[in-house]
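S.K.: Sequence and computational prediction follow.
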Amino acid sequence: MSRIGKKLVTIPKDVKVEVKDGFVCVEGAKGKLSQKLASRISVEIKDGTLLVKRAGDSKVDKSLHGLFRALIVNMIIGVTQGYLKELEIQGVGFKAAVAGDKLNMALGFSHPVNYTIPAGIKIETPKPTQVIIRGIDKALIGEVATEIRAFYPPEPYKGKGIRFVGEHVKKKVGKAQATGGGK
């Protein structure tokens, strides 16, 4: 069996989990999430615990077994505690601000970069060089953070750009100065 997939999931008292029509729906204090199950995966709920089962022992079934257990755990954590990702912006004149449902960024281009914030995501900018992304869907938060980072990924020479908090950017040495010779 999958080591992750065979573990029981304890359902907190304030969370409601139901399985119907091939979907797992999780509802908690922060919101509601649902996930479509693969056809060869089933979920059984009894006595406040949840067990993910698989139909066979093929390699695909084993990988889906652990995957769906992890997705359900992430949904339970999301509706109880929520998730957050932090980005930092480095560069002279680089800054970000939230205006309504848009994130406006000045990233050294000739035009401002505007990013429309998707539903279910909250973005804050406590400092002009700090972006905090909050929500209940772990995958959506990661996707939004990656899309924002892709506008100006950190470059390896000066380190300018948008990076995750704690991300280490390995810096490269620039061109060496020419010392005479030449034509």
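M.R.: Done, it's in.
S.K.: how about the lengthiest strand in the chain: buried residues?
M.R.: Counting by DSSP state E, the longest strand found in the chain is strand 83-90. Neighbour-count burial for strand 83-90, counted by 16 or more other Cβ atoms under 10 Å, picks out 83, 85, 87, 88, 89, 90. Where you see a C-beta, it was placed from the backbone N, CA and C, and this is true even at glycine.
S.K.: What is the nearest of those residues to residue 159?
M.R.: Nearest to residue 159 among the buried residues of strand 83-90: residue 90, at 5.9 Å, using Cβ to Cβ.
S.K.: Closest to residue 104 out of the buried residues of strand 83-90?
M.R.: residue 89 (12.2 Å).
S.K.: Report the rounded mean pLDDT for stretch 11-30.
M.R.: Averaged across stretch 11-30, pLDDT comes to 94.
S.K.: what comes up buried for that stretch?
M.R.: Neighbour-count burial for stretch 11-30 [16+ other Cβ under 10 Å]: 11, 15, 17, 24, 26, 27, 28.
S.K.: Stretch 36-51 too?
M.R.: So for stretch 36-51, counting by 16+ other Cβ under 10 Å, buried means 37, 41, 43, 50.
S.K.: Give me the distance between stretch 33-41 and the centre of its chain.
M.R.: Its chain's average C-alpha position is 20 Å from that of stretch 33-41, according to Cα atoms, centre = their mean, to the nearest Å.
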